[in-house]
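Peer 1: mind folding the following:
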Amino acid sequence: MEIRTIAEQIFLSGVEGVLPDKLIRTQVKVIDNTLYISNLQFSLVDFNHIYVIGAGKASALMAKEIESILGANISKGHIVVKYGSACQLKVIKITEAAHPTPDLNGVFATNEILKIANQAGENDLVICLISGGASSLLADFPENSTLDDLIATNLLLLKSGADIKEMNTVRKHLSKVKGGQLAKAIYPAKLVSLILSDVIGDPIDVIASGPTSPDLSTFEDAMIVLEKYKLSEELPISMINYLKKGILNLVPETPKVGDPIFCNARNLIIGSNRIALEAAKNKAVELGFNTFILTDKLEGDLIKAAEYVIETALRIKNDSQLKKPVCLLFGGEPTIKVTGKGLGGRNQHLALYCATKLKGKEGITILCAGTDGNDGPTDVAGAIVNSQTVSLAMSGNIDSQMYLDAYDSYHFFKQTGEHIITGSTLTNVMDIIIVIVE
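Peer 2: From the prediction side, this is the model:
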């Protein structure tokens, strides 16, 4: 079997390991009128209503499995997913909305979710399904601002080079639902959030901008992020004014650790990049590779991350004591500051950069792809490269460096035929990089 095909099989096994319905089945059961969620248990007769809400690329399959388990016990529900990530539900309503740029559908769905949250009473249970993408899909904006202001803010943050924690620090303080404020709306009902992590280290306050957990950041922290990336002069004035009001205590701060609104709330991580990497490793071992998980915390500057991957691959290649073939697995989410006007995503850009460094270095294949199936604003998951990528492109008069400088990796790989195309996977636990050393 061709190495490229093998690498793709290993990647798809990793994705399969974090499919939301499978993860829900391992965590949620109903036995004799008792609901078991991980290590929690509830008597169904104690609740007047059970509501299901949620947001994120994986929340549709999560909701479908919750419906399968709880059936008629669900009174009402609403979730918001990325366009193309929906599935048929019976009781829970579903809205498709834009990601990563918010739109009116996201605003509508967020209002519907807040209505349910505010409706929940002391004898009710709210199950909240959270996965990657929810920060954009839970779309709302402060008073005296507009959807256009929100869109402009998101675009500036996405291109700034800020990491996810920094971006979400800003987002939390321009919202009435993020940063624990959804939990505030749900209180005093009981709340259990089932979370697929798309953030390194699985910090509950950062994933999806932490709508159901205490917020560790402040308005002042949000302004510091904007100043660090020189965005305070570029953001819409309405957004800056709102943050300044927050710093002056003219609008409420997000709820913090110790706030009684969290006394009935439980946040459970049920899926992560590490789980995906373990599933990928199992497949690689099955296929006969000497396999190592290097990290599930690949972060920071994308070029530095790419150089770490390349250096590790070359070191393994030159290690005569190590049994070949070897499969190296990396997970995480490096950041990229976009300065060109091309089309692509961090996985395609990382793959193209690696390709330029692999020229003439035989026996190394690198796959870079997002577990959600969509790398940046494109219809592909990522790309796969080897020592021949740049040379073959040159023979077709395709200048790899020109596409790299223009941040136009999508159109480079469109011509070379090296895209990884999965369609929407209905899950999201960041990125996986697979290196095969022959």
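Peer 1: so what does the closest residue to L343 other than its chain neighbours look like in phi/psi?
Peer 2: What sits nearest to L343 in space, not counting adjacent residues and going by Cβ to Cβ, 6 or more residues apart in numbering, is Y410, at 4.2 Å. The C-beta positions use only the backbone N, C-alpha and C, and glycine is treated the same way. Recorded main-chain torsions at Y410 are phi -60, psi -50, according to degrees, to the nearest 10.
Peer 1: low-confidence bits of the stretch 151-300 of the chain, can you list those?
Peer 2: In the predicted model of the stretch 151-300 of the chain, no residue satisfies pLDDT under 70.
Peer 1: do you know how far the residue nearest to L343 is from L404?
Peer 2: Taking Cβ to Cβ, to the nearest Å as the criterion, Y410 is separated from L404 by 12 Å.
Peer 1: who has more neighbours, these two?
Peer 2: Neighbour comparison, Y410 and L404: the larger count goes to Y410, with 23 against 19 (by other Cβ atoms under 10 Å).
Peer 1: and the helix or strand in which S136 is found, average pLDDT?
Peer 2: Here S136, judged by DSSP states H and E, is contained in helix 134-137. Per-residue pLDDT over helix 134-137 has a mean of 96.
Peer 1: other residues contacting it?
Peer 2: When contacts are taken as Cβ atoms under 8 Å, 6 or more residues apart in numbering, the neighbours of helix 134-137 outside the stretch itself are 54-56, 59, 80-82, 97-102, 106, 109-110, 154, 167-168, 171, 178, 207-209, 211.
Peer 1: buried ones in that helix?
Peer 2: The neighbour-count criterion (16 or more other Cβ atoms under 10 Å) identifies A134, S135, S136, L137 as the buried residues of helix 134-137.
Peer 1: filter the contacts of helix 134-137 down to the buried ones.
Peer 2: Among the contacts of helix 134-137, those scoring as buried are 54-56, 59, 80-82, 97-102, 106, 109-110, 154, 167-168, 171, 178, 207-209, 211 (criterion: 16+ other Cβ under 10 Å).
Peer 1: how close does V91 get to I237?
Peer 2: 43 Å.
Peer 1: look at the two and report which has more neighbours.
Peer 2: Between V91 and I237, V91 has the larger neighbour count (other Cβ under 10 Å), namely 16 against 11.
Peer 1: just confirm that one is within a helix.
Peer 2: No: looking at V91 with DSSP: H, G, I helix; E, B strand; the rest coil, it is coil, so not inside a helix.
Peer 1: dump stretch 42-57 to CSV, restricted to CA.
Peer 2: The C-alpha trace of stretch 42-57 is given here as CSV (Å, rounded to 0.1, in the frame of the first residue of the first chain):
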residue,chain,number,x,y,z
PHE,A,42,-29.5,11.7,38.6
SER,A,43,-33.0,10.2,39.2
LEU,A,44,-35.1,11.2,36.2
VAL,A,45,-38.2,11.6,38.4
ASP,A,46,-36.5,14.5,40.2
PHE,A,47,-36.7,16.7,37.2
ASN,A,48,-39.6,18.7,35.8
HIS,A,49,-37.8,19.2,32.5
ILE,A,50,-34.6,18.2,30.8
TYR,A,51,-33.3,20.7,28.3
VAL,A,52,-30.5,20.2,25.8
ILE,A,53,-28.5,23.1,24.4
GLY,A,54,-25.2,23.4,22.7
ALA,A,55,-22.8,24.8,20.1
GLY,A,56,-19.9,23.6,18.0
LYS,A,57,-18.9,21.6,15.0
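Peer 1: wait, L322 sits on F289?
Peer 2: No: contact between L322 and F289 fails when scored by Cβ atoms under 8 Å: they sit 11.7 Å apart.
Peer 1: which of these two has more neighbours?
Peer 2: When neighbours are counted by other Cβ under 10 Å, L322 and F289 differ, and F289 comes out ahead with 22 against 13.
Peer 1: nearest residue to that one other than its sequence neighbours?
Peer 2: Of all residues not flanking F289 in the chain, C327 sits nearest, at 3.8 Å (Cβ to Cβ, 6+ apart).
Peer 1: and that neighbour, how many neighbours?
Peer 2: Each residue near C327 was counted by other Cβ under 10 Å, and the total is 25.
Peer 1: swap in R315?
Peer 2: Taking other Cβ under 10 Å as the definition, R315 ends up with a neighbour count of 11.
Peer 1: could you look up the SS state of S175?
Peer 2: Three states are possible here, and by three-state DSSP the one that applies to S175 is coil.
Peer 1: isn't it up against A185?
Peer 2: No: here S175 lies out of contact with A185, judged by Cβ under 8 Å, at a distance of 11.9 Å.
Peer 1: what domains does the record give for this structure?
Peer 2: Under automatic domain parsing, the residue ranges defining each domain of the chain are 19-140+175-217+254-271, 274-437.
Peer 1: straight-line length of the first one, end to end?
Peer 2: In other words, domain 19-140+175-217+254-271. Across domain 19-140+175-217+254-271, the straight-line distance between its terminal residues is 9 Å, by Cα to Cα, to the nearest Å.
Peer 1: now for the residue nearest to L343: which residues touch it?
Peer 2: Shown here is Y410, whose contacts under the criterion Cβ under 8 Å, 6+ apart are G342, L343, G344, G345, Q348, G376, T378, V380.
Peer 1: list the helices and strands the host helix or strand of L35 packs on?
Peer 2: Taking DSSP H and E as the definition, L35 sits inside strand 34-37. For strand 34-37, the contact count by 3 or more Cβ pairs under 8 Å, 6 or more residues apart in numbering; DSSP states H and E identifies strand 28-31, strand 40-43 as packing neighbours.
Peer 1: can you map out the strands along the stretch 51-200 of the chain?
Peer 2: 76-82, 93-97, 124-130, 190-196 (DSSP state E, counting those that start in this stretch).
Peer 1: which stretches of the stretch 201-350 of the chain form helices?
Peer 2: Listed from the start of the chain, the stretch 201-350 of the chain has helices (DSSP state H, counting those that start in this stretch) covering 219-228, 237-247, 273-286, 302-317, 346-358.
Peer 1: next one: the last one to chain centre, how far?
Peer 2: Its chain's average C-alpha position is 21 Å from that of helix 346-358, according to Cα atoms, centre = their mean, to the nearest Å.
Peer 1: following it, which helix or strand shows up next?
Peer 2: Toward the C-terminal end, the helix or strand that comes next after helix 346-358 (DSSP H and E) is strand 364-370.
Peer 1: what's the offset of that following strand from the middle of its chain?
Peer 2: Chain-centre distance of strand 364-370: 18 Å, with Cα atoms, centre = their mean.
Peer 1: again with stretch 325-336
Peer 2: A distance of 16 Å separates the centroid of the chain from that of stretch 325-336, by Cα atoms, centre = their mean.
Peer 1: and for stretch 117-128?
Peer 2: Mean C-alpha position of stretch 117-128 versus that of the full chain (Cα atoms, centre = their mean) differs by 26 Å.
Peer 1: this completes my enquiry, with thanks.
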